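Asker: Quick one, structure for this:
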Amino acid sequence: MQNIEDIIKNFVLLWAVIDPIGTIPVFIAVTKQHKDWEKSKIAYRAIFVAGGILVFFVIVGEILLDAIGVPLSAFQIAGGIVLFLFALSMIFGEGKPEGEIQIVKDGKETAIFPLAIPSIASPGAMMGVVLLTDNTRFSILNQTITTGVMVLVLLITLLFLLLAQRIHKVIGDSGASIISRVMGLILASVAANSVLDGIKTYFKLG
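Answerer: Here you go, the predicted model:
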């Protein structure tokens, strides 16, 4: 069974890839033309869709890997590299809020895109949940706990969306961007560790 340190580690990783704070400016831009009750409906729908996608990857992700004959160590290395590139885009790129708000400006204002995907259920989040629920390393109980942690992060994200206007007044777009970049730095270190673990497992080192 996972200890408290493992649970906290998983929480930090899932927080970094889902990035609830960075989703706030995106949500505000998506819902700027909607009434308050419509904003709440959009928030609930976006979280429901994003949660469904991430749970799908928890259940099916590793089955797909087994079906195509990809060893987990190879996926750890590839997944770590993808997460690392995702982290670099968070650190050095436009930043999550600016990049995804630009998508909204192109006219695609829906709860599904870009709010549920790719803002909440990002490629990094999909990759992260597969790595954290590996059948060969974690028991069903541990995977259930990790899924529960993911749901907790999604519920916190929902709370942030419902309070988006108040939070945004405090931190602004620049504050959300700074927090997103800090999360990117944390994610980069986690991704590097995943690559090293994959190499260690593949070459049977240590």
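
Asker: just checking, what packs against the helix or strand containing Gly172?
Answerer: Secondary structure from DSSP states H and E places Gly172 in helix 164-202. Secondary-structure packing of helix 164-202 (3 or more Cβ pairs under 8 Å, 6 or more residues apart in numbering; DSSP states H and E): helix 4-18, helix 20-30, helix 72-92, helix 96-105. From N, CA and C alone the C-beta is placed, and that goes for glycine too.

Asker: Make JSON lines out of those and add distance to Arg181.
Answerer: JSON lines is the format used below for the helices and strands packed on helix 164-202 (distance: least, Cβ to Cβ, whole Å):
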{"stretch": "helix 4-18", "distance to Arg181": "11"}
{"stretch": "helix 20-30", "distance to Arg181": "9"}
{"stretch": "helix 72-92", "distance to Arg181": "5"}
{"stretch": "helix 96-105", "distance to Arg181": "9"}
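
Asker: winner for burial among those helices?
Answerer: helix 20-30 (a mean of 25; mean count of other Cβ atoms under 10 Å).

Asker: what's the pLDDT at Thr147?
Answerer: For Thr147, the pLDDT comes out at 96.

Asker: switch to numbering from 35
Answerer: In the new count, where the first residue is 35, that last one comes out as Thr181.

Asker: secondary structure element for it?
Answerer: Here Thr181 is assigned to helix 174-196, by DSSP H and E.

Asker: Would you mind listing the buried residues in that helix?
Answerer: Buried residues in helix 174-196, counting neighbours by 16 or more other Cβ atoms under 10 Å, are found at 176-177, 179-181, 183-184, 187-188, 191-192, 194-196.

Asker: so Asp207 makes contact with Pro59?
Answerer: Yes - taking Cβ atoms under 8 Å as the definition, Asp207 is a contact partner of Pro59 at 5.1 Å.

Asker: For Ala80, state which of the buried residues of helix 174-196 is nearest.
Answerer: Using Cβ to Cβ, Leu195 comes nearest to Ala80 of the buried residues of helix 174-196, at 7.3 Å.
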